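S.K.: Based on what follows, work out the 3D shape:
(one chain, ligands or ions: 3)
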Amino acid sequence: MLLLSLACVESDAGWSGGGRPTDPVGGTSGQDDTGSSEHSDEPADADGDGLTDEQEAALGTDPSSEDSDGDGHADGDEVSADSDPLVCWSVPDGSWPDCRAQAQADGLTGEGWRKGKTMPNWTMTDQFGDEIEAWQLYGMVVVLDISAGWCGPCNQAAQGAEGWYQGHKDEGVIEVHLMVEDWYGKAASQTFLEEWSAEYGLTFPVVMDPTNTAYSGLYNEGYVTGIPTYMIYDRDMVLQETWAGYAGEQYLSMAVARYK
Ligand SMILES: [Ca+2]
Ligand SMILES: [Ca+2]
Ligand SMILES: [Ca+2]
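M.R.: Ligands and ions are numbered 1, 2, ... in the order given. I've put the predicted structure just below:
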């Protein structure tokens with residue numbers, strides 16, 4: 001519970017851009033009006049992201065952009081939090097990645113729900129009540145698991161899910177539990193998302209889809225033949241594999257390994 005509430009707070013901060021450095025004007029120079037021409041001894045941090053130009057040169061980050069990889073987290077914050085300031089999907093714990101800018105820059109096309117198609121940019125609501133757009137996860141291998149609380153194998157799968165995720169998250173793999181209430185894809189309640197993630201200690205997105213976009217799209221292609229159903233998307237957000245039923249963590253690892 002403690003972990004979840006922490007994650008909630010940090011997630012909120014992430015969405016609002018909290019934690020980013022304040023106006024760089026407040027920083028290193030011009031703090032006196034004596035007209036002195038002496039240079040400050042403080043090393044230059046041109047973009048005000050908490051890393052000096054020299055440090056940025058060593059890291060390979062952009063000294064003139066506070067957020068080199070465009071994921072919404074300043075370079076200095078990423079270094080402090082041990083996430084990679086040059087990799088969009090690598091973000092501080094407690095926040096989801098946001099690689100929409102990169103997805104658009106790369107010109108994602110070919111959207112659809114069939115295998116070989118790019119996942120449409122649907123909007124889901126997570127266990128904290130925040131919205132996530134699918135393309136935020138661009139660049140990661142995405143395991144979309146459609147589950148329901150009344151389904152025994154789903155509960156069995158959820159028991160091993162967090163451990164499996166922790167073993168793969170640093171490789172840019174993310175799991176998403178899309179929770180439904182019935183075979184028509186009715187969205188689970190917000191309360192249920194909280195209960196499900198708390199019961200199994202899940203720190204990846206546990207979501208509902210109030211517009212029933214993803215479930216109905218995948219169902220209409222014939223992929224939801226049982227619950228849980230797994231969809232494996234590669235780093236380009238292309239649907240590669242689907243299967244119904246809980247097959248164990250080892251099977252999941254083997255499937256994901258083909259796209260890492
Ligand atoms: Ca800097
Ligand atoms: Ca960043
Ligand atoms: Ca990053």
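
S.K.: alpha carbons only for contacts and neighbour counts from here, please
M.R.: Will do.

S.K.: quick one, strands of the stretch 101-250 of the chain?
M.R.: Defined through DSSP state E, counting those that start in this stretch, the strands belonging to the stretch 101-250 of the chain, from first to last, are 123-125, 131-133, 141-147, 173-179, 206-207, 229-233, 239-244.

S.K.: For the fourth one, what is the distance to the chain centroid?
M.R.: With CA atoms, centre = their mean, to the nearest Å as the basis, the distance from the averaged C-alpha position of strand 173-179 to the chain average is 10 Å.

S.K.: by contact count, what packs against that strand?
M.R.: strand 141-147, helix 152-168, strand 206-207 (3 or more CA pairs under 8 Å, 6 or more residues apart in numbering; DSSP states H and E).

S.K.: Distance of residue 100 relative to residue 78?
M.R.: 18 Å (CA to CA, to the nearest Å).

S.K.: which residue ranges form the helices in the protein?
M.R.: Along the chain, the stretches classed as helices by DSSP state H are 2-15, 53-59, 75-81, 100-105, 152-168, 190-200, 213-220, 249-257.

S.K.: Out of these, flag the one nearest residue 92.
M.R.: helix 75-81 (5.5 Å; CA to CA).

S.K.: for ligand 1, what are the nearby residues on the stretch 1-150 of the chain?
M.R.: By the criterion of CA under 5 Å from the ion, the positions of the stretch 1-150 of the chain lying close to ligand 1 are 45, 47, 49, 51, 52, 63.

S.K.: Out of the helices of the chain, flag the one nearest residue 128.
M.R.: Taking CA to CA as the criterion, residue 128 comes closest to helix 2-15 out of these, the separation being 6.1 Å.

S.K.: what is the rounded mean pLDDT of the closest one?
M.R.: Mean pLDDT, helix 2-15: 38.

S.K.: same deal with stretch 47-61?
M.R.: Taken as a whole, stretch 47-61 has a mean pLDDT of 96.

S.K.: Span of it from start to end?
M.R.: Across stretch 47-61, the straight-line distance between its terminal residues is 11 Å, by CA to CA.

S.K.: what's the residue in the stretch 151-260 of the chain positioned nearest to ligand 3 in contact with, if anything?
M.R.: Shortest the stretch 151-260 of the chain-to-ligand 3 distance, computed as CA to the ion: residue-wise this is residue 172, at 11.2 Å. When contacts are counted by CA atoms under 8 Å, 6 or more residues apart in numbering, residue 172 is found next to 89, 90, 139, 140, 141, 260.

S.K.: rerun at 10 Å
M.R.: The neighbourhood of residue 172, defined by CA atoms under 10 Å, 6 or more residues apart in numbering, consists of 87, 88, 89, 90, 137, 139, 140, 141, 142, 235, 260.

S.K.: Mark which of those residues are buried, thanks.
M.R.: Buried by 16 or more other CA atoms under 10 Å: 87, 88, 89, 90, 137, 139, 140, 141, 142, 235, out of the contacts of residue 172.

S.K.: Can you lay out those residues as JSON lines showing distance to residue 130 and pLDDT?
M.R.: Supplementary listing: the buried ones among the contacts of residue 172 in JSON lines, determined by distance: CA to CA, whole Å; pLDDT from 0 to 100:
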{"residue": "87", "distance to residue 130": "23", "pLDDT": "96"}
{"residue": "88", "distance to residue 130": "20", "pLDDT": "96"}
{"residue": "89", "distance to residue 130": "18", "pLDDT": "96"}
{"residue": "90", "distance to residue 130": "19", "pLDDT": "96"}
{"residue": "137", "distance to residue 130": "15", "pLDDT": "97"}
{"residue": "139", "distance to residue 130": "21", "pLDDT": "97"}
{"residue": "140", "distance to residue 130": "20", "pLDDT": "98"}
{"residue": "141", "distance to residue 130": "22", "pLDDT": "98"}
{"residue": "142", "distance to residue 130": "19", "pLDDT": "98"}
{"residue": "235", "distance to residue 130": "23", "pLDDT": "97"}
